[in-house]
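Trainee: can you look at this prediction? I've put the sequence above it.
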Amino acid sequence: MLRSHPRLPAARHFALTWGIADQHGGMTSAMLRRSRAFRRLGGVDVDILTLDDRPDYPEFAQRLHAAGELIDGLRVRNLWDELRGELPPARGETPPVPALLHPEDGDVVATHEGTVLSRVRREEAGRLAVDRFRRDGSLLATERSGEERKIVLYAVDGSPIRSWRTSAGLHRWWFDRLTGGKPSFLLVDSKTAARSVAGYRRENVTTVHIIHASHRLGGRPGTLRTSRASVLRRAGDFDEIVVLTPRQRTDLIDDLASVDVEARIRTIPNAVELPPITAVARDATHGVVVASLNRRKRLEHAVAAAAKAHSVDARIDADIIGEGPREAALRQRIRSLEAEEFVRLRGYDPDARSAFRTAGFSLLTSTSEGLPLVLVESMAAGCIPLAYDIRYGPADMISDGVDGFLLPNGDISGMARRIVELQSMPAAAVAAMRGRAVAKAAEFSDNAITVRWSRDLRAAYDAKLLAAARDQPLTVRLRRRAGVVRRRVRHALAR
């Protein structure tokens, strides 16, 4: 039986991502939710670390707090904001000062209250040049790539005080300052930020990389997505890799074996907010899709399936809630099918998930996922999901015909047929299916998932200590093993 108040290891806890956007997606939402659960249920504070050049993190953090996405015990800490506030002492040889960038068209400039805080330029051959400034306009840092990429940090008077050859070197230096030699857990959600953590080995820091989406290129076995390949080929340099579904864990173990990589890989899904079970007026013929309007979501299939179903049962309609680069193409597709009256693009809605409470069914037509939170949220609200059997998530969540429907990948006609069949099912059978969907989603509550994190982080820490002692004398190995046993006994007794 799960404990009502999971207790996380006493340590410093960090969640690392590259940056947080105003209208952030599923990965960032999952990271923030996990961090809130760590604080509320696990009893630990969490620092959320960012590495980008967003100029307004202090104000943005206040907005996140007002929206309930940040709570007391959570704080956002940005690398450059912290360097603007406190510089390290000078060390080493004084590096040469490069010429500052003169403004040019095409520069990416971040400003705050009229002051330029960063200027980024992609030069020929993909070379990067960045100047960063304090809020008083004084030079903070320069970054120049090339054969000897350098990042140079400056005092307020403009004198150089410290330098790093790579951005990863700077990031790891910052991690060392944050952890301060104390036991720490560094959970990395962003695949971009993970590049700086692969190989960051400290005895006091347990590193965990969480993969939120499919790692395979085109879904093909033995292939890694280009955006993930460099990190996953170093998967063994993390203390642990976490994926969201058992199916992906099996695939990732096989795929890494094909490139001769060994890693500790575990499965922990993301948690979702489970709505209260209340009686609602539900329209069984109304469908909903909550998704970004991008190519990976393949929403043309959802439009086509809804149109085919409507041609059989004119009561059927659907709303698509979200925004993205495919909006114009989707509008054109809806017009070409003469479906404007019953397939509607509703745009962005911060409360989009509430649509599941009154809809009869939801559609998921992506080419790939990690574990789609909208699928869990739909089931939690008793909204019956119809989803393509893609990697990853739907087959781990849905028992076909029991708590939802699984369709072969790309089967538009089959999805349309299931939508129509759902309308003709006996009311009692549909109600039972909705109940089973709600019960399945309960496995993804904050409490259930935080319990899993509590157990897993302790196990990862113990595994790290034992691995570090493998080449040590027998007496050291025995002491480490005894320490692991004592911690496990104390934790078991505390439960």
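Mentor: In hand now; what should we look at?

Trainee: convert the lengthiest helix in the chain to PDB, retaining C-alpha atoms only.
Mentor: Ranked by residue count and defined by DSSP state H, the top helix of the chain is helix 446-468. Output in PDB follows, covering the C-alpha atoms of helix 446-468 (Å, rounded to 0.1, in the frame of the first residue of the first chain):
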ATOM      1  CA  ASP A 446       1.100  13.000  -7.500                       C
ATOM      2  CA  ASN A 447       1.200  10.800  -4.500                       C
ATOM      3  CA  ALA A 448       1.700   7.600  -6.400                       C
ATOM      4  CA  ILE A 449       4.500   9.000  -8.600                       C
ATOM      5  CA  THR A 450       6.300  10.800  -5.800                       C
ATOM      6  CA  VAL A 451       6.400   7.500  -3.900                       C
ATOM      7  CA  ARG A 452       8.100   6.000  -6.900                       C
ATOM      8  CA  TRP A 453      10.600   8.900  -7.100                       C
ATOM      9  CA  SER A 454      11.300   8.500  -3.400                       C
ATOM     10  CA  ARG A 455      12.200   4.900  -3.800                       C
ATOM     11  CA  ASP A 456      14.100   5.400  -7.000                       C
ATOM     12  CA  LEU A 457      16.300   8.300  -5.900                       C
ATOM     13  CA  ARG A 458      17.400   6.300  -2.800                       C
ATOM     14  CA  ALA A 459      18.200   3.300  -5.000                       C
ATOM     15  CA  ALA A 460      20.100   5.500  -7.500                       C
ATOM     16  CA  TYR A 461      22.200   7.000  -4.700                       C
ATOM     17  CA  ASP A 462      23.000   3.600  -3.200                       C
ATOM     18  CA  ALA A 463      23.900   2.200  -6.700                       C
ATOM     19  CA  LYS A 464      26.200   5.200  -7.200                       C
ATOM     20  CA  LEU A 465      28.000   4.600  -4.000                       C
ATOM     21  CA  LEU A 466      28.400   0.900  -4.600                       C
ATOM     22  CA  ALA A 467      29.700   1.500  -8.100                       C
ATOM     23  CA  ALA A 468      32.200   4.000  -6.900                       C
END
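
Trainee: and stretch 444-452, what's buried?
Mentor: Using 16 or more other CB atoms under 10 Å as the test for burial, stretch 444-452 gives 444, 445, 446, 447, 449, 450, 451, 452. All C-beta atoms are positioned from the backbone trio N, CA, C, and that covers glycine.

Trainee: now the residues you listed in CSV, with pLDDT and distance to residue 215?
Mentor: Compiled in CSV, the buried residues of stretch 444-452 are given as follows (pLDDT from 0 to 100; distance: CB to CB, whole Å):
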residue, pLDDT, distance to residue 215
444, 93, 21
445, 93, 26
446, 95, 26
447, 94, 28
449, 96, 21
450, 97, 25
451, 96, 26
452, 96, 21
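
Trainee: same for the longest helix of the chain, what does it pack against?
Mentor: helix 26-40, strand 205-210, strand 240-243, helix 474-494 (3 or more CB pairs under 8 Å, 6 or more residues apart in numbering; DSSP states H and E).

Trainee: OK, contacts around the nearest residue to residue 372 once chain neighbours are set aside?
Mentor: Distance criterion CB to CB, 6 or more residues apart in numbering; nearest residue to residue 372, sequence neighbours excluded, is residue 393 at 5.0 Å. Applying CB atoms under 8 Å, 6 or more residues apart in numbering to residue 393 gives the contacts 244, 245, 369, 370, 371, 372, 375, 387.

Trainee: isn't residue 367 up against residue 391?
Mentor: No. With contact defined as CB atoms under 8 Å, residue 367 does not count as touching residue 391 (9.4 Å).

Trainee: overlap in contacts of the two?
Mentor: residue 219.

Trainee: name the SS class of residue 289, please.
Mentor: Three-state assignment for residue 289 (DSSP: H, G, I helix; E, B strand; the rest coil): strand.

Trainee: ok so, going back, the more surrounded of residue 367 and residue 391?
Mentor: Each of residue 367 and residue 391 has its neighbours counted (other CB atoms under 10 Å); residue 391 has more, 21 against 17.

Trainee: kind regards, and thank you for your time.
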